[in-house]
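Undergrad: What would the 3D arrangement of this be:
(2 chains)
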Amino acid sequence: DVMLVESGGGLVQPGGSLRLSCAASGFNFSSCAMHWVRQAPGRGLEFIAAIYGHGKIMYYADSVKDRSSISRDNSKNTLYLEMRSLGREDTAKYYCVKDNDLSGYYSGNMDAWGQGATVTVSS
Amino acid sequence: QSALTQPPSASGSPGQSVTISCTGSGSDVGGYHRVSWYQQHPGKAPRLILYEVTRRPSGVPDRFSGSKSGNTASLTVSGLQAEDEADYYCSSYSGTTNAPALFGGGTRLTVL
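TA: Now for the predicted structure:
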């Protein structure tokens, strides 16, 4: 079975930074694009970033693109998200998500989701 | 304000059908056959229920169906069951934004 397990969430001070990790198993990790999607409390889903299977092409939402970096280590089956200059608007549950295209290209069809890592930005 | 517009709520009785709309523009919903729908129960992660407008992942009942006309995509849930009560989100590929995925604001489906 596909499993995605996020870690690295917690309480962060305004202006601080975070690094989320996502350990993937149950599928050929390097053959799938991956995404980060977040959901603020009581709010809807927001695309944050995506990365191709080979790790050389990335996409970012405008809300985070100047202060975020998505990366992956295919040898460790792990996806990462680094964000800096965090504000209260970044408080959310951050989901690690698998793309369903098996060629490693981005399709946007998000067919497996982790349980999410909660990030709270507060002093 | 979300990039794609969904009604905030929808409802139906068990056994009935309900349709949820998702309106975008010619640069996203209308321009590509790449609309997906997600179901999210309270406290749970979202689940993909439709992709490429009409395709169902393995394990999704055929009570869930999708369509698209112009800049509006629709999700229809037929034969409503109590377990269908959840939030539903549409998503579309966008050709004009840095972020290729746009989400709707979500629709809370209530089974009466």
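
Undergrad: Show me the shaky parts of chain B.
TA: When residues are selected by pLDDT under 70, those of chain B lie in B:1-2, B:97.

Undergrad: In space, what's closest to the residue lying farthest from the centre of it - neighbours in sequence excluded?
TA: Computed with C-alpha atoms, centre = their mean, the residue of chain B farthest from its C-alpha average is residue B:98, at 22.3 Å. The shortest distance from residue B:98 to any non-neighbouring residue, by C-beta to C-beta, 6 or more residues apart in numbering or on different chains, is to residue A:62 (5.7 Å). (C-beta placed from N, C-alpha, C; glycine too.)

Undergrad: Can you tell me the number of residues neighbouring that neighbour?
TA: 9 (other C-beta atoms under 10 Å in any protein chain shown).

Undergrad: Next, find the distance separating it from residue A:47.
TA: Note on residue A:62: its distance to residue A:47, by C-beta to C-beta, to the nearest Å, is 10 Å.

Undergrad: Report how many residues lie close to residue A:89.
TA: Residue A:89 - counted by other C-beta under 10 Å - has 9 other residues nearby.

Undergrad: Give me the distance between residue B:87 and chain A.
TA: As judged by C-beta to the nearest C-beta, to the nearest Å, residue B:87 and chain A stand 8 Å apart.

Undergrad: Kindly apply the preceding question to residue B:68 instead.
TA: Separation of residue B:68 from chain A (C-beta to the nearest C-beta) stands at 15 Å.

Undergrad: Around chain B, pick out the residues from chain A.
TA: Within chain A, the positions near chain B by C-beta under 8 Å from any C-beta of the partner chain are A:35, A:37, A:44-47, A:50, A:59-62, A:65, A:95, A:100, A:106-116.

Undergrad: mind running it again at 6 Å?
TA: Residues of chain A found near chain B (C-beta under 6 Å from any C-beta of the partner chain) are A:44-45, A:47, A:59, A:61-62, A:108-111, A:113, A:115.

Undergrad: how far away is residue A:104 from residue A:98?
TA: 12 Å.
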